[in-house]
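**Q** I'd like to go over a predicted model; first the sequence, then the structure.
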There are 2 protein chains.
Amino acid sequence: MREAKVDIALIHYPVYNKNHDVIGSAVTNLDLHDLARAGKTYGVRHVYVVTPFADQQKLVQEIVGHWQDGYGATYNPDRKEALAIIRICADVDELLELTKGENGEKPTVVATCATPKADTIPFGDAKTRILAGEQFLFLFGTAWGLTEEVFEVVDGTFPPIKGRTAYNHLSVRSAVSIILDRILGV
Amino acid sequence: MREAKVDIALIHYPVYNKNHDVIGSAVTNLDLHDLARAGKTYGVRHVYVVTPFADQQKLVQEIVGHWQDGYGATYNPDRKEALAIIRICADVDELLELTKGENGEKPTVVATCATPKADTIPFGDAKTRILAGEQFLFLFGTAWGLTEEVFEVVDGTFPPIKGRTAYNHLSVRSAVSIILDRILGV
């Protein structure tokens, strides 16, 4: 199967808290595992963990290291394989640099949001363009979501995920899994 | 929108461990949150947490209670609404009793598994039958998956979730989210 040129990023800064202040959120162990496992299943190239805080970057390195070189690597090789796709970076600017293609081409950057935005890219459109070889980067926010400054640098936004109710407060782990399945599921 | 008569259950016993021993696994806080939030989004009636261990049942009660009546209820009413659909039961026999319809009718019980089984129920078939009003119960295993004794009491099994790779080690949080989206997404 043709390689999908898709990277995903979990943004810990800048995001909103409950009071709409701009904050940096804490890294969650299970986010790393769930996103790496989903990413590996759907053929994502890298899962970028975006945080400017040195202690949080160190935490990510320690978690990934445990499963790459530590006891976890022999205890569960499947987990080793998944966590190998995690990369750490400091901010969105660095992320955009790191996700450029071999010839410096910028990916199409798509944000995710639980409320509708003007510049919607339907899931089916992204799927068609990815299967045709276009390079994409999907941004997922933690806490109460990506800040307006992030939406200013993206090329578009996926529509909110809709179930059969008006309730739309999925975890980021669920949102990543569902969006990857909608676009890269077979 | 017509109510979907779907319940889901997260089975902590009986499941296999890494060495294929039958064990009871520990309840994970984020499983409760993620499954409740996904269940609420997709209009699931109840999320059953199945564990025979009194201390684990108490832990589930405490977590749900924090978000129902404790500080969490005022801090995050959305979470209160989601966790309200959680129910606790001791084993699969009790689960099958509790999920019977008003007139005692048994739901169609479908297991989930990362490896293919003989009695596959395609996602599309389940969707059609649910939209026609049929009552379903989906079983999800923790740890290394549901034991053979569970597969003996089900009416069928969903096919493994396939991405674009041979890797199929999704978290149960991802698997639940993707299966609900495939069947109840709009």
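**A** Looks like it arrived, so ask away.

**Q** for the longest helix anywhere in chain A, packing partners?
**A** With DSSP state H applied, the helix covering the greatest number of residues in chain A is identified as helix A:54-68. Helix A:54-68 makes packing contacts with helix A:29-41, helix A:71-75, helix A:77-83, strand A:86-89 when contacts are defined by 3 or more CB pairs under 8 Å, 6 or more residues apart in numbering or on different chains; DSSP states H and E. C-betas here are computed from N, CA, C, even on glycine.

**Q** need the ones you listed in TSV with mean pLDDT, can you?
**A** Rendered in TSV, the data for the helices and strands packed on helix A:54-68 read as follows (pLDDT from 0 to 100):
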stretch	mean pLDDT
helix A:29-41	97
helix A:71-75	89
helix A:77-83	93
strand A:86-89	98
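
**Q** Could you point out which of these sits nearest B:Ser174?
**A** Across the helices and strands packed on helix A:54-68, the minimum distance to B:Ser174, taken as CB to CB, is reached by helix A:29-41, at 5.0 Å.

**Q** Would you mark the buried spots in the closest one?
**A** Counting neighbours by 16 or more other CB atoms under 10 Å in any protein chain shown, one finds that the buried residues in helix A:29-41 are A:Leu30, A:Asp31, A:Leu32, A:His33, A:Asp34, A:Leu35, A:Ala36, A:Arg37, A:Ala38, A:Gly39, A:Lys40, A:Thr41.

**Q** Reformat those as JSON lines; add distance to chain B.
**A** As requested, those are exported to JSON lines (distance: CB to the nearest CB, whole Å):
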{"residue": "A:Leu30", "distance to chain B": "5"}
{"residue": "A:Asp31", "distance to chain B": "9"}
{"residue": "A:Leu32", "distance to chain B": "11"}
{"residue": "A:His33", "distance to chain B": "7"}
{"residue": "A:Asp34", "distance to chain B": "5"}
{"residue": "A:Leu35", "distance to chain B": "9"}
{"residue": "A:Ala36", "distance to chain B": "10"}
{"residue": "A:Arg37", "distance to chain B": "6"}
{"residue": "A:Ala38", "distance to chain B": "5"}
{"residue": "A:Gly39", "distance to chain B": "9"}
{"residue": "A:Lys40", "distance to chain B": "5"}
{"residue": "A:Thr41", "distance to chain B": "4"}
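
**Q** from these, which single one is nearest A:Ala132?
**A** Ranking the buried residues of helix A:29-41 by separation from A:Ala132, with CB to CB as the measure, puts A:Gly39 on top at 20.9 Å.

**Q** The closest one: what's its closest spatial neighbour, skipping adjacent residues?
**A** Excluding the flanking residues, the one nearest A:Gly39 by CB to CB, 6 or more residues apart in numbering or on different chains is A:Val47, at 4.7 Å.

**Q** Now do the same contact list for the one you found.
**A** Applying CB atoms under 8 Å, 6 or more residues apart in numbering or on different chains, we find A:Val47 in contact with A:Asp7, A:Ile8, A:Ala9, A:Leu10, A:Leu32, A:Leu35, A:Ala36, A:Gly39, A:Ile85, A:Ile86, A:Arg87.

**Q** hmm, which two among those residues are most spread apart?
**A** Longest distance between any two of these is 15.3 Å, between A:Asp7 and A:Leu32; criterion CB to CB.

**Q** follow-up on the earlier one: kindly state which of the helices and strands packed on helix A:54-68 is positioned closest to B:Phe53.
**A** helix A:29-41 (21.7 Å).

**Q** Report the angle between the closest one and helix B:29-41.
**A** Compare the direction of helix A:29-41 with that of helix B:29-41 by axes from the mean of the first three to the mean of the last three CA atoms, to 10 degrees and you get 60 degrees.

**Q** neighbouring contacts of helix A:29-41?
**A** The contact list for helix A:29-41, computed with CB under 8 Å, 6+ apart, reads A:8, A:10, A:44, A:46-47, A:49, A:60, A:63-64, A:79, A:81-86, A:142, A:172-173, A:176-177, A:180, B:30, B:161, B:163, B:165, B:167-171, B:173-174.

**Q** rewinding a little: of all the residues in the longest helix of chain A, which ones are buried?
**A** If you call a residue buried by 16+ other CB under 10 Å, then helix A:54-68 has these buried ones: A:Gln56, A:Gln57, A:Leu59, A:Val60, A:Ile63, A:Val64, A:His66, A:Trp67, A:Gln68.

**Q** Return the member of those nearest to A:Leu146.
**A** Of all those, A:Leu146 sits closest to A:Gln56, with 17.4 Å by CB to CB.

**Q** which stretches of chain A form strands?
**A** Assigned strands in chain A, in chain order: A:6-11, A:15-16, A:22-23, A:47-50, A:86-89, A:108-111, A:136-141, A:156-157 (criterion: DSSP state E).

**Q** distance between the fifth one and the chain's centre?
**A** On the basis of CA atoms, centre = their mean, to the nearest Å, strand A:86-89 is displaced by 11 Å from the centre of the chain it belongs to.

**Q** List the neighbouring strands of that strand plus their orientation.
**A** Sheet pairing of strand A:86-89 (DSSP bridges) gives strand A:47-50 (parallel).

**Q** now the strand it pairs with: how far from the chain's centre is it?
**A** 6 Å.

**Q** Name the residues of it that are buried.
**A** The neighbour-count criterion (16+ other CB under 10 Å) identifies A:Val47, A:Tyr48, A:Val49, A:Val50 as the buried residues of strand A:47-50.

**Q** Much appreciated, bye for now.
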